[in-house]
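1. what would the 3D arrangement of this be:
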Amino acid sequence: MVDLLACTGRSDRTKFRKQTLNPLLNAELIEMTIPLLHPGCEGERSA
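-> Numbers count the residues shown, from 1 in each chain. I've put the predicted structure just below:
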């Protein structure tokens, strides 16, 4: 995400995610290839 922020000249990750990434994900124009893992998450990544 850091590369995308730099390319677009943005610095606020939260706003970038809400205003840019989420709409693109919802429209299925892009997809996440590496799932986000949050601390305390009980699931394991499958290989």
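
2. return the list of helices and strands in contact with the lengthiest helix in the chain.
-> Counting residues, the longest helix found in the chain (DSSP state H) is helix 2-8. Under the contact criterion of 3 or more CB pairs under 8 Å, 6 or more residues apart in numbering; DSSP states H and E, helix 2-8 touches helix 13-16. For every residue, glycine as well, the C-beta is placed using N, CA and C.

3. assign a three-state SS to I30, would you?
-> Assigned by DSSP: H, G, I helix; E, B strand; the rest coil, the conformation of I30 is coil.

4. and the spatially closest residue to it that is not a sequence neighbour, what's its pLDDT?
-> Closest residue to I30 apart from its sequence neighbours, by CB to CB, 6 or more residues apart in numbering: L24 at 4.6 Å. The per-residue pLDDT reported for L24 equals 93.

5. so L24 is in which element?
-> Assigned by DSSP states H and E, L24 falls within helix 22-26.

6. list the contacts of the worst-scoring helix or strand of the chain on mean pLDDT.
-> When the helices and strands of the chain are scored by mean pLDDT, DSSP states H and E, helix 2-8 comes last with a mean of 87. By CB atoms under 8 Å, 6 or more residues apart in numbering, the surrounding residues in contact with helix 2-8 are S11, R13, F16, T20, L21.

7. where does the fourth one land on pLDDT?
-> T20 is assigned a predicted lDDT (pLDDT) of 92.

8. that one: neighbour count?
-> Neighbourhood size, T20 [other CB atoms under 10 Å]: 15.

9. OK, contacts around it?
-> Neighbour list for T20: T8, R10 [criterion: CB under 8 Å, 6+ apart].

10. and the second one, by the same measure?
-> Residues near R13 by CB under 8 Å, 6+ apart: M1, L5.

11. rerun at 6 Å
-> With contact set as CB atoms under 6 Å, 6 or more residues apart in numbering, R13 has no partners.
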